[in-house]
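Enquirer: Sequence first, then the predicted structure:
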Amino acid sequence: MNRSDMDNSNPNGVPQENGCANKTLTLEEIERRKRKMEDENKRKQAELVRAIQSRRVKAISEANKLSQIQSELNSIQRNLSEDISILRGKIESASREYFEAKKRYDAAEKEFVLAKMDLHKKEDMKEQLTEHLMVIIEKNEERKALKLEELMNKIASDQKK
């Protein structure tokens, strides 16, 4: 076999009769495959772009939702902080008022106890004085009775004389 026969042979070493036609078909086949692959790649790239865009839209949507949720949580936290601050102020005020009322109550209770003790003391004194008055009146009545009896006896003895 000569060199020109080798050029026209297939990989098995068998010479081909239409070498040029096979090359054209092969080039056409390669060109067709290339276009098919390019079309497939364009389709895949377009699909990838759509998928990326879709995910980007979803990511933006999720980011917006997360931002809105974060804003709501911040608002709730601010409201909670305000409520806590207001309640703490009210608790402090109520605590001061409680201690002032407690002082007044303790003072009033002390005054009440002192007044009650004074009342019982005065009541005892009144009872003792009343009892003493009764004793004086009774003794006075006894003296009067004795004096009247003495005077009656004197008048009676004067009349007998």
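Expert: That came through fine.
Enquirer: what mean pLDDT would you report for the stretch of helix or strand residue 27 belongs to?
Expert: Assigned by DSSP states H and E, residue 27 belongs to helix 19-160. Over the span of helix 19-160, the pLDDT mean works out to 92.
Enquirer: centre of the chain versus that helix, how much separation?
Expert: When distances are taken as Cα atoms, centre = their mean, to the nearest Å, helix 19-160 is centred 11 Å away from the chain's centroid.
Enquirer: elements contacting it?
Expert: Contacting helix 19-160 under the criterion 3 or more Cβ pairs under 8 Å, 6 or more residues apart in numbering; DSSP states H and E is no other helix or strand. Every residue, glycine included, has its C-beta placed from N, CA and C.
Enquirer: Now do residue 32 against residue 42, distance only.
Expert: 15 Å (Cβ to Cβ, to the nearest Å).
Enquirer: make that residue 69, sorry
Expert: Relative to residue 42, and taking Cβ to Cβ, residue 69 is found at 40 Å.
Enquirer: for residue 157, same thing?
Expert: From residue 157 to residue 42 the distance is 165 Å (Cβ to Cβ).
Enquirer: ok, now residue 135?
Expert: 134 Å.
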